[in-house]
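1. Okay, sequence plus prediction incoming.
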Amino acid sequence: MRVFGKLKDLLQQWRKGGVLPVPSRRAGSGTPPQWRREKARERCCCVPFPAGLKPRPSGCKSRRISIMADLVFAMLACGAAACAVSVPDCRLVPGWEQQGLGREFLADNLFEYMDGNAEGYLIYGFTRMQGVTCKSGGDSIVIDVSEMTDADAAYGIFTANRDPNRPIATIGMGGQILPRRATFCKDKYYVELAANPDKEHTPALQAFVAEMEKRISGRSMPPDALAWFAPDKLTSVRLIPESVLGLRLLKRGYVAQYEFGKAFVVAEVSPQSAAAVMNKLRQRFGETTPAPIADEAFQTKDRYLGGLCFFRKGRYLGGLANLANPQSAFGLATSLAARLPR
């Protein structure tokens, strides 16, 4: 559907703004005067070209051929992109058929499908969802594939929706298969499968997940940020899409839950913007104590966040919060800063 949708848009642009045909010479009309040739060329070549298509200086006929070649190339490129996207297909597993029409939702109408839960997808950078319902006898599996803005966002919504009491399986960047539900993320796609009725569906879910994971190309390794946090006493790591630690100044970042408190890392666009956020954090907390960590750092206390330590290393902001023992902040923050890239 993506292939034909993009090709249809491109063809519509070409029909509206493409090259006009070369005026044909009538029998016996002879060679047209120079001004008529120039006028024909002007009418032919000055019509706007579709976005992304480069005009060529070799005349109208060759331009028409060039545009059609570009259209074919675009169609092949779209086809390659579509292969990278896991469009749900019930026929991936023998014995299953699609029930009803497929569904597709964008950010502006997702609430029609999941009213009350759409916001939880939108804050992670949701852009599009494609889904189908598959039937086999009295069993059904609802499959939805959500396209997010990037791989971090896909991993973020996966961790937000996973069962924290179950381990993360090696499926794409991460996944889980439960008796009635399966989820996984790969590259910028988050895949969900929900089975009915209430019984054991693990074999069917495993079969669908195995086939769908093959159809999604791109990143299959977990986000690099997971390696920033030391594994000792680590409970979980999550991408927080906005207001890390409940602070609006920290827009988006990873938070690791430890037995002793929380560690966090927020990536800014540049060292300069990170330094500006550090200054605002100092103003926000008031009384602070400088600390010799990375490029700059300070420690403070907060009524809700307990013992705090903030540091900056290049464009990265990091630190510790909710520390049961504030005296340990310096050593822990130093260790975290050492694991961050410059």
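-> Alright, I've got the coordinates. Source: prediction; values computed, not measured. Numbering: from 1, shown residues only.
2. can we go C-alpha only for contacts and neighbour counts from here?
-> OK.
3. Just name the shakiest helix or strand of the protein by mean pLDDT.
-> helix 34-45 (a mean of 40; mean pLDDT, DSSP states H and E).
4. Tell me the spacing between D232 and L110.
-> As judged by CA to CA, to the nearest Å, D232 and L110 stand 40 Å apart.
5. any idea where the helices of the stretch 201-342 of the chain begin and end?
-> All helices of the stretch 201-342 of the chain, identified by DSSP state H, counting those that start in this stretch, fall at 202-214, 271-285, 329-339.
6. Is it possible to get CSV of those helices that adds distance to M114, mean neighbour count and mean pLDDT?
-> Listed next are the helices of the stretch 201-342 of the chain as CSV, based on distance: least, CA to CA, whole Å; neighbours: other CA atoms under 10 Å; pLDDT from 0 to 100:
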stretch, distance to M114, mean neighbour count, mean pLDDT
helix 202-214, 22, 17, 97
helix 271-285, 36, 15, 97
helix 329-339, 39, 17, 94
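7. re earlier: neighbour-wise, which of D232 and L110 wins?
-> L110 (20 against 8; other CA atoms under 10 Å).
8. Quick check: closest non-adjacent residue to the more buried one.
-> Ranked by CA to CA, 6 or more residues apart in numbering and with sequence neighbours excluded, the top spatial neighbour of L110 is A118, at 6.0 Å.
9. ok, that neighbour - how many residues close by?
-> Neighbour number of A118 under other CA under 10 Å is 17.
10. Now it: phi and psi?
-> The phi/psi pair for A118 (degrees, to the nearest 10) reads phi -60, psi -40.
11. Distance check, it against R282.
-> A118 sits 35 Å away from R282, taking CA to CA as the criterion.
12. S236 bridge partners, please.
-> Following DSSP bridges, S236 is listed with bridge partners Q257.
13. Enumerate every residue touching it.
-> Residues in contact with S236 (CA atoms under 8 Å, 6 or more residues apart in numbering) are 256-258.
14. Wait, T133 touches G100, no?
-> Yes - assessed by CA atoms under 8 Å, T133 is found in contact with G100 at 7.3 Å.
15. neighbour-wise, which of the two wins?
-> Between T133 and G100, counted using other CA under 10 Å, the more crowded position is T133 (23 against 10).
16. For that one, what is the enclosing helix or strand?
-> Taking DSSP states H and E as the definition, one finds T133 inside strand 126-136.
17. circling back: from P341, how far out is the residue nearest to L110?
-> Distance from A118 to P341, by CA to CA: 34 Å.
18. what do you get for R162?
-> For R162, the distance to P341 - CA to CA - is 28 Å.
19. ok, the two, which is more surrounded?
-> For R162 versus P341, neighbours defined as other CA under 10 Å are more numerous around R162 (19 against 11).
20. can you list the domain ranges for the chain.
-> Residue ranges for the domains of the chain, per automatic domain parsing: 2-84, 90-214, 224-339.
21. Return the distance of the last one from the chain's centre.
-> Averaging C-alpha coordinates over domain 224-339 and over its chain gives two centres that are 25 Å apart (CA atoms, centre = their mean, to the nearest Å).
22. Many thanks, I have nothing further to ask.
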